[in-house]
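Engineer: sequence first, then the predicted structure:
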Amino acid sequence: MRTTVIQMAPGASAPENMQHARALITAAVRADRPDLVILPEMWSCLGGTRDMKFAAAETLPGPDGMGEAGPLYSFLSGMARTHGIILHGGSIGERHGDRLFNTSLVFDAHGHERARYRKIHLFDVTTPGGEGYRESDTYEPGSDIVTVPLSASMTAGLAICYDIRFPALFHALRARGANMLLVPAAFTVETGLAHWETLLRARAIETQCWMVACGTTGTHMDENGQKRRTYGHSMIIDPWGTIVAQVSDGPGWSTARLERDVVETIRGRMPVMAHHRLSIHTP
Ligand SMILES: O=C(O)CNC(=O)[C@H](CS)NC(=O)CCC(=O)C(=O)O
């Protein structure tokens, strides 16, 4: 499965971000002919005030297809169908009363929604440099663990950004049949420099899955008018932990071919799942 990570530098305007996403997806599809394309976390609106986040968010159609699709949903579905690609729409704000979910949507090559995942672990953290984040002021945590078969041989496990610090989630995704992990992100530069690559490679190695991690890059304005920079370095890692594709700084894309055989070989030779002696409990 040829897979492309699209690295974007989003601002707070959803219409402008859609223009950028369209241009990057179109160029990447033309150049690399991927089967699967993934966007980063909150590519549709990064930074901005609470009002701007709500303005850029939308109510999603029900699982039964009931309810009107908003502009972001229609855009993602349309891009998947137009290019005949599976499109993982990074994440967007999903309205939910007076809060939002941070939600990933996956569309098949006909533009039909195949999976929906709401970020479970929220970033309420003060970084060592003293920057405070309170994602839960705006967002509500999801609760469902989501895997989705994308082809006869590949099944994706879904996670978002801060989730990568919680191995129990990835253990559960592997146990549910994932052989590839799709992780949109908006990592801070500070924590990214310290942890991004290490966490991603560890999750790939311990689950013996392909890791597809797609980050935002650039400078974004937060609620308080403070500048916030994100780390980029979107990458694809094989199930042995080797980085096989990477974007550095700035917008762009990178592509790699994901194969099930690599997963099967590694799991066959080092059957860690069968060697587990302790069960991991989530609270
Ligand atoms: O808030 C939005 O609109 C989009 N969401 C994000 O940017 C989220 C929550 S603030 N960022 C992270 O989870 C960074 C995690 C991170 O950097 C780490 O784990 O070190």
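Structural biologist: Sure thing, it's come through.

Engineer: what about stretch 205-214, start to end distance?
Structural biologist: When the termini of stretch 205-214 are compared using CA to CA, to the nearest Å, they are 18 Å apart.

Engineer: name the residues of that stretch that are buried.
Structural biologist: Buried residues in stretch 205-214, counted by 16 or more other CB atoms under 10 Å: Ile205, Thr207, Gln208, Cys209, Trp210, Met211, Val212, Ala213, Cys214. Every C-beta, even on glycine, is put in place using the N, C-alpha and C of the backbone.

Engineer: got phi/psi on the closest residue to the fourth one other than its chain neighbours?
Structural biologist: Put plainly, it is Cys209. Once flanking residues are discounted, Cys209 sits nearest to Leu181: 5.0 Å by CB to CB, 6 or more residues apart in numbering. Torsion angles at Leu181 (phi, psi; degrees, to the nearest 10) stand at phi -120, psi 130.

Engineer: wait, what's in contact with Leu181?
Structural biologist: Neighbouring residues of Leu181 by CB atoms under 8 Å, 6 or more residues apart in numbering: 156-159, 170, 173, 203-204, 207, 209-212.

Engineer: now for those residues: which two are most distant?
Structural biologist: Distance extremes for these: the farthest pair is Leu158 and Ala204 at 15.1 Å, using CB to CB.

Engineer: returning to that earlier point: the buried residues of stretch 205-214: which two are farthest apart?
Structural biologist: Farthest pair in those, by CB to CB: Gln208 and Cys214, 20.6 Å.

Engineer: ok so, going back, give me the subset of the contacts of Leu181 lying in helices.
Structural biologist: Phe170, Leu173, Arg203, Ala204, Thr207 (DSSP state H).

Engineer: of the residues you listed, select the buried ones using a PyMOL command.
Structural biologist: Buried residues among these (16+ other CB under 10 Å), as a PyMOL selection:
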select buried, resi 170+173+203+204+207
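
Engineer: enumerate the residues of the stretch 151-283 of the chain near the ligand.
Structural biologist: Cys161, Tyr162, Arg165, Ala186, Phe187, Thr188, Thr191 (CB under 6 Å from any ligand atom).

Engineer: widest-spaced pair of those residues?
Structural biologist: Arg165 and Ala186, at 14.2 Å, using CB to CB across these.

Engineer: check contacts around Thr4.
Structural biologist: By CB under 8 Å, 6+ apart, the neighbours of Thr4 are Ala28, Val29, Asp32, Pro34, Leu36, Val37, Ile38, Trp253, Ser254, Thr255.

Engineer: repeat for Ala213
Structural biologist: The neighbours of Ala213, taking CB under 8 Å, 6+ apart as the test, are Val5, Ile164, Val183, Pro184, Ala185, Trp196, Leu200, Ser234, Met235, Ile236, Ile237.

Engineer: so the last one touches Val244, yeah?
Structural biologist: Yes: using CB atoms under 8 Å as the test, Ile237 is close enough to Val244 to be in contact (6.8 Å).

Engineer: of those two, who's got more company?
Structural biologist: Higher neighbour count among Ile237 and Val244: Ile237, with 25 against 17, using other CB atoms under 10 Å.

Engineer: what's near enough to touch the more buried one?
Structural biologist: Residues in contact with Ile237 (CB under 8 Å, 6+ apart) are Leu200, Arg201, Ala204, Trp210, Met211, Ala213, Ile243, Val244.

Engineer: nearest to Ala55, of the residues you listed?
Structural biologist: Ala213 (28.1 Å).

Engineer: ok, now how distant is that closest one from Gly132?
Structural biologist: Using CB to CB, to the nearest Å, Ala213 is found at 24 Å from Gly132.
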